[in-house]
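Undergrad: Here is a sequence with its predicted model. Questions after.
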Amino acid sequence: METNKGFEVCQDVAERKPLSRINAVVDRLKEFCGYTTAHGVGRLIEAKCFFWRLFWVIACVSAMTFFVLQVNSLQNEYSRRPVKTRIDVQHEIVRYT
């Protein structure tokens, strides 16, 4: 990388060969997966062995499934609007003497 007036210029981008549309999408997807904070997705892309790739696919899909089920359960609970606290107010007559 060169430094030009305090800014880094990435030669990588300029030197890339033109890619087909599908290769460009795959390239962007790999780049996204490498930088995302969803921890398993980066491992999935980096896996070299079929076994580990399969493992990370199952792990990511399982985590997403449990997430969707949990959100659905919480949304259903919220929609029912359950009352957990009841407050009874009793008025008393106060006499000053």
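TA: Structure's in. What do you need?
Undergrad: Going along the chain, name the strands of the protein.
TA: In the chain, the strands defined using DSSP state E lie at 2-4, 7-9.
Undergrad: Show the average pLDDT along the top helix by length along the chain.
TA: Here the longest helix in the chain is taken by residue count, with DSSP state H as the criterion, and it is helix 50-80. Mean per-residue pLDDT for helix 50-80: 91.
Undergrad: Show me what counts as buried in that helix.
TA: 56, 60 (16 or more other C-beta atoms under 10 Å). Where you see a C-beta, it was placed from the backbone N, CA and C, and this is true even at glycine.
Undergrad: all numbers from here: first residue = 23
TA: Noted, 23 is the first residue going forward, which turns the last one into helix 72-102.
Undergrad: Let me know the distance separating the most centrally placed residue in the chain from Asp110.
TA: By C-alpha atoms, centre = their mean, the chain has its centre lying nearest to Ala60, at 5.4 Å. Distance, Ala60 to Asp110, by C-beta to C-beta, to the nearest Å: 48 Å.
Undergrad: try Gln97
TA: Note on Gln97: its distance to Asp110, by C-beta to C-beta, is 31 Å.
Undergrad: and what of Val116?
TA: Val116 sits 18 Å away from Asp110, going by C-beta to C-beta.
Undergrad: now Lys70
TA: Computed as C-beta to C-beta, the Lys70 to Asp110 distance reads 66 Å.
Undergrad: go on, Asn94?
TA: 35 Å.
Undergrad: and what of Phe73?
TA: Look at Phe73 and Asp110: by C-beta to C-beta, they are 63 Å apart.
Undergrad: and what of Trp78?
TA: Computed with C-beta to C-beta, the distance linking Trp78 and Asp110 is 55 Å.
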